[in-house]
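Asker: A structural model of the following input is requested.
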Amino acid sequence: MKASDKQTFCSSDSSIPYEYKPDDLVVALSSSGETERTIHYAESAYNPISESTPVVSITTNPDSTLAGIAKKTKGLVVEIPGKSKADRADYQERQFLGQHEPLTLGGTLGELYTLEFILDAIGSAISTEPVMEYHNKFWNKVKSYDPDPSQFRRLHEMLPEPINYSNPRDERAFPNKTIVGGLELSGVIARAFSIRLAHCAGEDEERFVYFYKDAGNIAARKNDLVLIFSGSGQEFWTRVLEPVKSVEAKIFAVTSFGNSPLGKMADAIIEVPGRKEFRDRSKLENPPKDPGGALYEIRSILATEIFIHCLVKEEKISIKAVESKHSQLT
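Answerer: Numbers count the residues shown, from 1 in each chain. Below is the predicted model of the structure:
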């Protein structure tokens, strides 16, 4: 098969095929191996009468439902280290005691190790280097980033506070919100951060966070925070943000270039090295050809995960509060 003939779909794509062919491949990611939506897509690959579509299951639990689907489709189970929900008997007890933290680094080990596995596999295939040789070289580059704590503290200071529904004195009819944006791969990081940040509120609180493409009409107001992920810091964002600036909303940028058009326009930045150049005229970011070209994005997702971890500890957000923020629809 020619490279141009290959098609890749994500389960969130509206164009994902409803039926799989035997020569297709389904890669299913679920740390617990019990995520209903993931199991639904993977189970569709099994055909008890004729040849099934092979499923590659990436999970922390080799005895999970998802792993079982991979085995019966003659696929592959990739076991990733991390905390698992497999032991249902004491899972709730561990949650109550704070031993399993889904909003902190300890609770996302499975997802982070999965990211590491996928990047190593892709990078090794593209570079033709042995996996561990590529792994050591690539992750040493990632780890060479030395974050500036003061920049993260500034982001915390600028975040709009959650609204407290149990406090009768909290009479804000229109609480301030955070709008998160980004293009292409930076947009993927931005969307993930917006979801994580929305979970960061107390049990009777709600933090209003939106990804800028999720709703048809998100109007920024005075003292709202608009947070943009753009490695290049391109001029496109300055044109988009001019109306935002005019209503006195705050702008925060996560970029590789503090002296870029976006960096200069922002009220504050987190400078994450990795992007080699910025574009002045194009709307699109430079698409990376391999993981080595996505150092900005990889460092950004790790940096924002650490920020979420610190935010949860700083604001003493309980696990019960976190779980109350999880969507019932996804």
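Asker: Dihedrals phi and psi, the closest residue to Lys222 other than its chain neighbours?
Answerer: Closest residue to Lys222 apart from its sequence neighbours, by Cβ to Cβ, 6 or more residues apart in numbering: Glu248 at 4.4 Å. Where C-beta positions appear, they are placed from N, C-alpha and C, glycine not excepted. Backbone torsions for Glu248, taken as degrees, to the nearest 10, come to phi 70, psi 30.
Asker: and the gap between Glu248 and Gly233?
Answerer: According to Cβ to Cβ, to the nearest Å, Glu248 and Gly233 sit 22 Å apart.
Asker: which one of those two has more residues nearby?
Answerer: Counted by other Cβ atoms under 10 Å, Glu248 and Gly233 do not tie: Gly233 has more neighbours, with 28 against 11.
Asker: For the more buried one, which residues are in contact?
Answerer: By Cβ atoms under 8 Å, 6 or more residues apart in numbering, the contact set of Gly233 is Ala253, Thr255, Ser256, Phe257, Gly258, Ser260, Pro261, Leu262, Gly263, Phe278.
Asker: Now the buried members of these.
Answerer: Applying 16 or more other Cβ atoms under 10 Å to the contacts of Gly233, the neighbour count classes Ala253, Thr255, Ser256, Phe257, Ser260, Pro261, Leu262, Gly263, Phe278 as buried.
Asker: Not counting sequence-adjacent ones, nearest residue to the residue nearest the centre of the chain?
Answerer: Centroid-nearest residue in the chain, with Cα atoms, centre = their mean: Ala192, separated by 3.0 Å. Nearest non-adjacent residue to Ala192, counting by Cβ to Cβ, 6+ apart: Ile301, 6.7 Å away.
Asker: and if you look at Pro62?
Answerer: Nearest to Pro62 is Glu79, by Cβ to Cβ, 6+ apart, at 5.0 Å.
Asker: Make sure the one you found is actually in contact with Thr59.
Answerer: Yes. Here Glu79 reaches Thr59: they are 6.9 Å apart, a contact under Cβ atoms under 8 Å.
Asker: if you count what's nearby, which of the two comes out ahead?
Answerer: For the pair Glu79 and Thr59, the greater number of neighbours falls to Thr59 (29 against 14), based on other Cβ under 10 Å.
Asker: what residues are up against the more buried one?
Answerer: Counting by Cβ under 8 Å, 6+ apart, Thr59 touches Leu29, Ser30, Ser31, Ser32, Gly33, Leu66, Ala67, Val77, Val78, Glu79, Ile80, Gly110.
Asker: Leu311 contacts Arg153, doesn't it?
Answerer: No. Leu311 is not in contact with Arg153 according to Cβ under 8 Å; the separation is 11.0 Å.
Asker: okay, the two: which has more neighbours?
Answerer: Shown here are Leu311 and Arg153; by other Cβ under 10 Å, Leu311 has more neighbours (21 against 14).
Asker: Run through the stretch 201-330 of the chain and note the low-pLDDT ranges.
Answerer: Applying pLDDT under 70 to the stretch 201-330 of the chain flags residues 215-217, 277-287, 326-330.
Asker: So the residue nearest to Lys222 sits against Asn223, correct?
Answerer: Yes. Contact criterion Cβ under 8 Å: Glu248 and Asn223 qualify, at 7.0 Å.
Asker: related to what we said a few turns ago, which is the succeeding secondary structure element to the strand or helix carrying the residue nearest to the centre of the chain?
Answerer: Following DSSP states H and E, one finds Ala192 within helix 184-198. Downstream of helix 184-198, the first helix or strand assigned by DSSP H and E is strand 205-206.
Asker: Could I get the full set of helices for the stretch 51-200 of the chain?
Answerer: For the stretch 51-200 of the chain, applying DSSP state H, counting those that start in this stretch gives helices covering 65-72, 88-96, 109-127, 131-143, 149-158, 184-198.
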